[in-house]
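Participant: Kindly return the folded structure for what I paste below:
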Amino acid sequence: MASVFLKFATLGSLALLVQMVGLVLFVLGFFPVKPTLDGNSGPESFSPACEFDSSQKVDEPVDTYGDDSRVESVGFPAKYDRLVFMVIDGLPAEFVLGRDGKPPARDLQLAMPYTQNLLATGSALGYHAKAAPPTVTMPRLKAMTSGAIAGFLDVAYNFNTKELLEDNLIDQLARAGWQMVMLGDETWLKLFPNRFHRLDGVNSFYVKDTVEVDNNVTRHLDVELEKDDWKLLVLHYLGLDHVGHIGGRSSPLMVSKLREMDTIITRIHQTVLSRDPQSLLVVVSDHGMTDGGNHGGATYQETDALALFISKSSSDLKLGAAPEASPNSRPSDNEAYQVDLVPTLALLLGVPIPKNSVGALLPPLFSSLTPKLQLRALELNSWQLLRIMRKRSPRSRCISDMCGEVELINVNQSASSSESGDDADKFCRRLNLALVKHNYWAQNGEKTRDFEEAKEAYLHFLQPTSVWLARGSTQKLFGLVVTGASLLLISTVLFLTGVFQLSKKTSGSFSSQSGRSIQAASPLLKLVAIGEVCLHSASFGSSSFVEEEQFTWHFMLSTLFVVLLRDSCQQFNPGNKLRIVGSGSSNRVPAGRHKTIESQSGGQFQATTSKRTVKEVLQICLLLTFARTLRSWHRSGVNWAHLPDVAKTLENSHPAVTACIRAACLLIITMLCRWLVPKSLPRFVRRVTKACLTLTAVLIYIYYTCDFLRAAAISEAWRIEPWATISAQGIYLLLGATFLSAFTLFPWLIICNSGTESPSRFQEKEGAFYVMSLQEEPGTEFFLENGVRRSMDAVGTVFVSCWCLLQLLLQQPVNAAPLTILLLQLLLTVTLFRTAQGSFPRWTSVLTLHWLGASGHFGLGNSNTLATVDVAGAYIGLSSHSTLLSGTLAFFITYGSPLLYMQGLLLSVHQKKLETRKDDLELRQRWLMEDLLLPCYLPLAMNSVVLTVFTGVLYLMQDHLFIWSVFSPKYLYVVATTICTYLGTLIFAAVGGYSFMVISKRMQRTKKGNKAETTKLE
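Facilitator: A predicted model of the protein is given here:
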């Protein structure tokens, strides 16, 4: 039997290794670094050509032309010679510009009176600059400086920013001899090291700071505004984004923060722009925010970034007429894309457009120039995009013809053929048409009508081409993708094979030879389990089902409970009694699945099946009630997240209401945790454990008090924060010490040889279903089995208690009640399967706990968008930013429910077994596979199915419209869920393996002691 156990363990380890390798290969193949043009744009980029002679110096400084010869050499002058680039992190454009033709809310307008006046008088021109997902800071800064769409996995690099090596606006200005100063988010310093003449960086991830993080920028402002030795001043304010993370869009601090930003804009406009009319102030935001203040996804609220251009003269900024409507063009005049900043600023400042920019310039900012220069700007931007198109579509015949020799064909012929062919050829013909009309205007008197037609033709090419290039900014490495997907498929087959073989070896019907009754799963239960896994996998083919996955999990869980309820109700027969009689009895089995079981003790036990059945039914009904409550607490997902729910109601109520609920939930969970401490531990150990848990609860209450005082604005944050941080750090220390002590010491201290105390609070002590297993002599296999189970149960109860207390600290205040429900669900589920001993096979309890964890994940407000990741909670107890610590806490918050139920598997192993034969080695060691291997195999197998299926879906959907906004974020969650499953399985296997090793050693010592005592007696 040991050899069979090792075979299954080896198979599982092999499948796990294959899956890890396959996942890494697929991610590297599907999310590669996007293809880019080599080098940097130089003076030659102002020439209408696809490529340049290798003898040309691409990196030649732009300022070598000299100001007087700029127009003659490059055909385009610099409109501005000084730039203040102000980033207000997380500012939604609708806070400043309104939405759908409506102005901003009244309080928001009053918060920024100077900015609103600039917009009203025409001294400022604002755009809703749509940001591409992922909407986090580092990829957005890359987009605003290089004009290229960042790779989707840049969301992972957001916490570990590295230097930007591809061509960008900052490097272009540096080569032009500009002196640059940066104040604010240190991400700029990591992206552009050694570029700034003066700098003062602040950490962007410590979101609890909303004041000092901006004061550290503003303190240098007056000095810098008076100096004239710089040409670029970068200001990056983080406070507004931090306000959103802490309190959401409607935070009481939002208006005051907007007022502060308006004051900064006023100071810059009245100093720099007043002294130097050739100066330009650009106010932008990197992304927006959801109602909860988070970001990272692709909803309108998150992608609604601001681009505000402020000049001294109102004549410089005119909102021109919109181009002819097309499916890919901007729907209104004041909408643009974030990458459009790069070509616009490059040409306004007289430097080459970065090579890999996919943006289209904003025509209104050039409207004060002559028609010749306006068309020249459009022409330069068009040729720059054509070079990227050539890299993207090297087989395009039209592009090859244009790059070989610019052939200006007949206007009518070009117009008739510009909409035919594939996308690359179609856009190429549009450019050809624009060049024809540009040439016609230049050769026929430069008439106004011809100018408008040429300008419209350029815009008809630029804007849809920019969108097309942005959508297709990455290419897949086919070899890695196929190899990775194949390995994932192989690992899934291995896992499913192992689960199937384990279920065969650990389940079966009643055997009169072994005297053991194990109820096989009903056909309907098997059908539901397999069918819902398949249904869940099939739902990934729909973007709507991916966005609203919580409904799939709620349906799966409810259906499972209904089937369990149906199977339990079928047992109900008040007239039947189950009797277990002494050996030699040949009683017949009454109706249903109840069978006569021989008992080694020779005693007669009597159990009423109706009583047990009623208890099962009530437990399942209560579980259904809890599941429905969790479903109503948060409206997760995307499409209906804005609708009212319990959590939103509590968030909008007085802070005292939420504080009272948190305190009540803390009290309930603390009492449950104290009650859970098993009696199989020595009394002193139980008291110490309870004391640690109680002290942790006291510290959590202190933290709650500080949080309430801060939320209710009763005390200043700087007075409260140190106490909150100290209490949180004390909680981490206590929980960590309790967690490690339970793991290392409990297997040595557990009482394994006493039958006077029940091994668990859930152990039923009635009839045949309570067997005094510990009456076996120490040293038998049954002694080992019971000791390992007791040890895992004891460690599991402490793990679950510590985890719940940690989640009470980290989760949002409105999640205290759902967390309490999750704990009650866990305990009730464990009780259900212990009450129904023999009614359901082992895999049923593992499956139920796994699905409860997945459903609870959405019950805590999570979704498949990055916007629901609680960034603020990841800094509880941290006095400064730490990528490792904050990332770990964010992971714990997001996967609080799945990890809770994975640890709950340790409680489910302690089930009563009806054993009768000591000499049946296979029967006595079957628990190794049933209680140690199956709880590891089944979660890994179910996760493997999801991982493999969604990997295939992601590849098939690579050209889908929502590939980057829906399917790619979901894949990141699938990968994170896989890591969560690995971690949960590792905890279970470590506790089980360590307990087995310790109990085995204790058993060997007992044997040696018995032998020594026997020798002395002899």
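Participant: List of residues touching the helix or strand hosting Ser886?
Facilitator: According to DSSP states H and E, Ser886 maps onto helix 883-894. Outside helix 883-894, the residues that touch it by CB atoms under 8 Å, 6 or more residues apart in numbering are 159-160, 205, 806-807, 810-811, 857, 862, 869-871, 873-876, 878, 899, 976, 979-980. (Each C-beta comes from the backbone N, C-alpha and C, glycine too.)
Participant: Got a quick PyMOL command for the buried subset of the residues you listed?
Facilitator: Buried subset of these, written as a PyMOL selection, criterion 16 or more other CB atoms under 10 Å:
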select buried, resi 159+205+806+807+810+811+857+862+869+870+871+873+874+875+876+878+899+980
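Participant: I'd like to know which of the contacts of helix 883-894 are part of helices.
Facilitator: 806-807, 810, 857, 899, 976, 979-980 (DSSP state H).
Participant: Please enumerate the strands of the stretch 801-950 of the chain.
Facilitator: Along the stretch 801-950 of the chain, no stretch is classed among the strands by DSSP state E, counting those that start in this stretch.
Participant: Let me see the contact set for Ala298.
Facilitator: 133, 135, 865, 962, 964-966, 969.
Participant: and with 10 Å instead?
Facilitator: 130-135, 638, 865-867, 962, 964-966, 968-969 (CB atoms under 10 Å, 6 or more residues apart in numbering).
Participant: Doesn't Thr210 belong to a helix?
Facilitator: No - under the criterion used here (DSSP: H, G, I helix; E, B strand; the rest coil), Thr210 is coil, not part of a helix.
Participant: So for it, what's the pLDDT?
Facilitator: Looking at Thr210, its pLDDT stands at 85.
Participant: do the same with Thr303
Facilitator: 91.
Participant: Am I right that it is in contact with Val136?
Facilitator: No - here Thr303 lies out of contact with Val136, judged by CB atoms under 10 Å, at a distance of 11.8 Å.
Participant: Give me the common contacts of those two.
Facilitator: In contact with both Thr303 and Val136: 287, 295, 297, using CB under 10 Å, 6+ apart.
Participant: Filter the residues you listed down to the buried ones and hand me the ChimeraX line.
Facilitator: This is how ChimeraX selects the buried members of the shared contacts of Thr303 and Val136, with burial counted by 16+ other CB under 10 Å:
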select :287,295,297
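Participant: how about the strands of the protein, start to end?
Facilitator: 82-88, 124-130, 180-185, 198-202, 232-237, 279-284, 304-311, 335-337, 577-580, 605-608 (DSSP state E).
Participant: Format those as TSV; extra columns: distance to Val243.
Facilitator: Output for the strands of the chain, formatted as TSV (distance: least, CB to CB, whole Å):
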stretch	distance to Val243
strand 82-88	11
strand 124-130	21
strand 180-185	15
strand 198-202	15
strand 232-237	11
strand 279-284	17
strand 304-311	16
strand 335-337	26
strand 577-580	64
strand 605-608	61
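Participant: Spit out the contact partners of the closest residue to Ile246 other than its chain neighbours.
Facilitator: Nearest residue to Ile246, sequence neighbours excluded (CB to CB, 6 or more residues apart in numbering): Ala872, at 5.3 Å. By CB under 10 Å, 6+ apart, the contact list for Ala872 reads 207-208, 242, 244-247, 292-294, 812, 890, 893.
Participant: Highest neighbour count among those residues?
Facilitator: Sorting the contacts of Ala872 by how many neighbours each has (other CB atoms under 10 Å) puts Gly244 first, at 31 neighbours.
Participant: pretty sure that residue is in contact with Thr290, am I right?
Facilitator: Yes - Gly244 is within contact range of Thr290, at 8.5 Å (criterion: CB under 10 Å).
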